[in-house]
Structures are given as structure tokens and as C-alpha cells.
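J.: the sequence and its predicted three-dimensional model are supplied below.
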Amino acid sequence: MELLSQLKEAVIGGKVDEAVATTEKALAGGGSVREILDKSLIAAMDEVGERYSSGKIFVPQMLRSAKTMHACMDVLKPHLQEGDVTSKGRVVIGTVKADLHDIGKNLVTMMLEGAGFSVVDLGVDVSPDKFVQGVQEESADILGMSALLSTTMPSMTVAVEALEKAGIRDQVKVLIGGAPVTDKFAQQIKADAYAPDAGTAVATAKKLMGL
């Protein structure tokens, strides 16, 4: 138990070497992958999200924690067995067409993975049709769209309409974000939710999944 709480603190603090060494030690001591994931890694990222949302930490610290969590996941991956990881939901995410910004999207992706979601990142400059294709191929529970330019926001409207046209709008929750995006805009385009930052995006995704 002590190792698990040490690991959790190392991830929160963004101490990569310490966290990786503690993960290895926990595995060698017979700790279960499921326990390490739930009690250390996911618990740490939940706390990081809360600290960020309440203004106690900022983007650089959150990024460090997310990268630390990913380094620990790399240690765990060879030991993962069927049933070790129960995904909280499948998310397809991308930056909309004609927009090449990806820092915010990448951070949201890392935070969602840290919280136990399966995430497929479609990258940047993603067309509405490609979002529809991604949702269909991955049987996504949530579609995350990011726009960092006000000129690219209309692409979100087209993507929601494309989901309707494909007959799958009611099968997926649409979560949008990005600097110029607002809650009012989300309501206008009939998205399910808006998140102003990565910490809120994770909390909102959980809410959308009824968690």
C-alpha cells in the first residue's frame, strides 16, 4: 500500500524516474496491474485534474504529470492482461478542419487516457467526414473536437450535421473545446457539452458516461 501511495505522489509531482522505479518495484513485489492502475495512476490523474480545475496547478505541471503517468503505463503494458483495464469509454478526438493547433488536444488526450478512457486521436485539420468515419469505426461513446481559431469553429457545426446525416448523432456524445469556443456556441450547434480546459474535459467526459 505504501508503494502505491508513493507512486501516486510521484505521478502528481511529475517525477518520471521515481515513478517508473516505483512502478517496477510494485510489480516485482507482486502488486496487481489493476491495483497499480486504479490506486496510483488513475487516482493521481484524477487529483491532478481537480488541482488544475481549482487553480492550484497549471498546464506545465499537468503535462509533466501526464507524461509521468504515460511512462508508468509503458512499464505496465507488457503485464496487462484481459480484464486488467476496463475502459471508462471510447473517445475519438481531433482538431477541426483548417486548424493545426494540437497542444490543448494532446493534453486532453493524455488526461483522458490517465483517467481510464480509450482514446483515438485523429490529429489536426480533421474534416467533418473524417470525424464521422472515426466515430463509426471506433464505435465511439464520445467525440471530442477542438478549435483554436474562431474562423475554424463553423467546422464543428458541419461535423455535428454530418453525424446527423450519417444517422449516428444519437449514438455519440459531442464534447467541444478550445480558446474561442463557448458554452453558448456548444448549445447553438447542439453539442452535448463544452469544456474550457483539460481538467474539466475529463470531468465532463465522466459525466457524459454517467460515471
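T.: In hand now; what should we look at?

J.: any weak-confidence spans in this structure?
T.: 81-85 (pLDDT under 70).

J.: contacts only, for the residue of it most remote from its centre.
T.: Residue farthest from the centre of the chain, counting by Cα atoms, centre = their mean, is residue 29 at 30.1 Å. Contacts for residue 29 (Cβ atoms under 8 Å, 6 or more residues apart in numbering) come out as residue 3. C-beta: built from backbone N, CA, C; applies to glycine.

J.: now the helix ranked longest in the chain: buried residues?
T.: As assigned by DSSP state H, the longest helix anywhere in the chain is helix 59-76. Within helix 59-76, the residues that count as buried by 16 or more other Cβ atoms under 10 Å are 61-66, 68-69, 72-73, 75-76.

J.: which residues are contacting that helix?
T.: 7, 10-16, 19-20, 23-24, 27, 33, 36-37, 40-41, 44-45, 48-49, 52, 107, 110-111, 113-114, 198-199.

J.: the residues you listed, buried ones only, as a ChimeraX selection?
T.: Entered in ChimeraX, the line below selects the buried ones among these, by 16+ other Cβ under 10 Å:
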select :7,10,11,12,13,14,15,16,19,20,23,27,33,36,37,40,41,44,45,48,49,52,107,110,111,113,114,198,199
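
J.: which residues touch residue 198?
T.: 49, 52, 59, 62, 104, 107-108, 111.

J.: out of these, what pair is the most spread apart?
T.: 49 and 104 (14.5 Å; Cβ to Cβ).

J.: which non-adjacent residue is nearest residue 155?
T.: residue 96 (4.0 Å; Cβ to Cβ, 6 or more residues apart in numbering).

J.: the residue farthest from the centre of the chain and residue 36, how far apart?
T.: 10 Å (Cβ to Cβ, to the nearest Å).

J.: over to residue 43?
T.: 10 Å.

J.: and the residue nearest the centre of the chain, what does it touch?
T.: Nearest to the mean C-alpha position of the chain, by Cα atoms, centre = their mean, lies residue 112 at 2.1 Å. Counting by Cβ under 8 Å, 6+ apart, residue 112 makes contact with 91, 93, 119, 144, 201-202, 205.

J.: and the residue nearest to it when sequence neighbours are not counted, how many neighbours?
T.: Setting aside the residues directly before and after it, residue 112 is nearest to residue 119 in space (Cβ to Cβ, 6+ apart), at 5.1 Å. Residue 119 has 22 neighbouring residues, counting by other Cβ atoms under 10 Å.

J.: what's residue 119 sitting at in phi/psi?
T.: phi -120, psi 130 (degrees, to the nearest 10).
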